[in-house]
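[1] Need coordinates for the below:
(one chain, ligands or ions: 1)
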Amino acid sequence: MGESTDDVTAIWTQATEHAVRFRHDIDTGLQRPSQTYGEALATFDEPTPEIGCGGSDVVEGLVRLAEPGLHAMTGRRFFGWVIGSSHDVGVAADWLTSAWGQNAGNHSAAPAASAAEAVSARWLLDILRLPDDASIGLVTGCTMANFVCLAAARGEVLRRVGWDVERNGLFGAPPIRVILGEDAHSTVFSALQYLGLGQDRVTRVPTDSNGAILADAFAAAIADAQSDEVVIAIAQAGQINTGAFDPFPAIVASSRTHRNCWLHIDGAFGLWARACPDRSSLAEGLEGADSWATDGHKWLQTPYDCGYAIVRDPDAHRRAMTIAASYLPSVSDGERDPSHYVPELSRRARGFSTWAMLKHLGRTGIADMVERHCRLARTIAEAVAGEPGIAVMNDVVLNQVAVRFGVNETSERGDQLTLQTIAAVQDEGVLFAGGAKWKGVWVMRLSVIGFGTQEEDARLSAEAIIQAWRRVRHSTVTIA
Ligand SMILES: Cc1ncc(COP(=O)(O)O)c(C=O)c1O
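    Next up, the predicted model:
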């Protein structure tokens, strides 16, 4: 069923009005969906459509079906997982991206999209203070960024010992020793799995109580590798539960003692500490690595999805990713094809929303935002830690806070009380925070990373957490 030009205006206006209303109401409503997944599935479930339906009805139907199952991820008191808030300006750029419908695989097909990407890449390197001749692939998120960087790593360390993995694969290849921290993010293991390097064939280096790699243990793991071995080491900027940073100067120095070691940094959100003078000391030294993975959809607040795979050696990056075909234009000197740095050929023009957010916030806007989020994380941590029975389990160096309830109880009882308090907080819906296991016990994890979060949100949230804990403690004491 086609739509006339007038209908397009009406449909897009209708969608915009719903979006504006949704955003307007977000901070006053429940900070959680009112439906479970099962309920959402039942709401959407209907037989395969046989006959098309008018665009306006489709938009209206989608809003009616989807809204009860939406999280307040764009709001000011959403602290679940590590999720940026899809900034208004980024969304506007993203809408235009969809409306323009560019397939941003190469610069001939999509000159403007490729140019926005190339310039955004240059700005990103400047703001993150990484080598200005590094290459960047714009991917779906940090999982894919880790994958792309580690693909470049795999190709290059094997090339140095005479093995062409891009042509010959891993059949008969020299083994690769992978070294990483005990508290590396799960998606690093996914990347190793996709690359045929295996999740379990890794050397895990012990970490401290905040999840940062122990420098001496890392040095020992590198020293343990034979000089003719092929090594990929992975360090982390911003541990998911604690925000901890690995000791980069020592890690870079140790990795450089091995003649064939590629050092990769997973910095999904922590890499942005480098853009904030107040926090940058945490991430000093990591510029000495070979590759870096980070997200746009976390601290840069671009809409989902957007991540950046950054590689010091652009040739290694391109060798790992390039798709060549006779019908595709070749790249002359100085021209950059987006698809040469990512797995996909046909792809979304993520450069537009990245360009828009960098342009809108600027270097100082990013620095101020990161500083504010980290300050508010400390505000929440200090407030809840003052309440008997609650403990903050991490050193709040960045924006992540791990909170444990029932700290004077047995481990099992503390787990129970923590899960009950998380459920009580979620049910009340003043804020949203989820749970995670940290060093063997359950914690409530808060990630302060939503663009709009302010002092009053931090205070309100801390108070709601304390009150929920008091209710849980009171009800369990009363029952007992
Ligand atoms: C340290 C770290 N690495 C990788 C990822 C995966 O990022 P994404 O979900 O954007 O793929 C995350 C997600 O939170 C993370 O915290």
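[2] Could you list the low-pLDDT ranges of the stretch 351-480 of the chain?
    Along the stretch 351-480 of the chain, the parts satisfying pLDDT under 70 run over 477-480.
[3] count of residues packed around the closest residue to residue 447 other than its chain neighbours?
    Excluding the flanking residues, the one nearest residue 447 by Cβ to Cβ, 6 or more residues apart in numbering is residue 82, at 4.4 Å. Yep, even glycine has a C-beta here, placed from its N, CA and C like the rest. Counted by other Cβ atoms under 10 Å, the residues lying close to residue 82 total 23.
[4] Checking my notes, residue 82 in a helix, right?
    No. Secondary structure of residue 82 (DSSP: H, G, I helix; E, B strand; the rest coil): coil, not part of a helix.
[5] For it, give me its contacts.
    Neighbouring residues of residue 82 by Cβ atoms under 8 Å, 6 or more residues apart in numbering: 240, 268, 269, 298, 400, 447, 449.
[6] Do you know the pLDDT at it?
    With respect to pLDDT, residue 82 scores 98.
[7] now swap in residue 158 and tell me
    Among the per-residue scores, residue 158 holds a pLDDT of 98.
[8] ok, it - contacts?
    Counting by Cβ under 8 Å, 6+ apart, residue 158 touches 164, 165, 173, 174, 176, 230.
[9] count of residues packed around residue 105?
    22.
[10] these two touch, right, it and residue 344?
    Yes. At 7.5 Å, residue 105 counts as touching residue 344 under the criterion of Cβ atoms under 8 Å.
[11] Show me where the stretch 101-250 of the chain has its helices.
    All helices of the stretch 101-250 of the chain, identified by DSSP state H, counting those that start in this stretch, fall at 111-128, 142-160, 165-168, 186-194, 215-224, 248-255.
[12] Confidence-wise, which of those is weakest overall?
    Ranked by mean pLDDT, the helices of the stretch 101-250 of the chain bottom out at helix 165-168, with a mean of 94.
[13] which strands and helices sit next to that helix?
    helix 142-160 (3 or more Cβ pairs under 8 Å, 6 or more residues apart in numbering; DSSP states H and E).
[14] the inter-axis angle of the helix it packs on versus helix 186-194?
    Per axes from the mean of the first three to the mean of the last three Cα atoms, to 10 degrees, the angle that helix 142-160 makes with helix 186-194 is 50 degrees.
[15] can you give me the offset of helix 142-160 from its chain's centre?
    Centroid separation for helix 142-160 versus its chain: 18 Å, with Cα atoms, centre = their mean, to the nearest Å.
[16] buried residues in that helix?
    142-159 (16 or more other Cβ atoms under 10 Å).
[17] and if you look at stretch 37-51?
    By neighbour count with 16+ other Cβ under 10 Å, stretch 37-51 contains the buried residues residue 40.
[18] contact partners of that stretch?
    In this structure, residues lying in contact with stretch 37-51 by Cβ under 8 Å, 6+ apart are 33, 35, 65, 68, 69.
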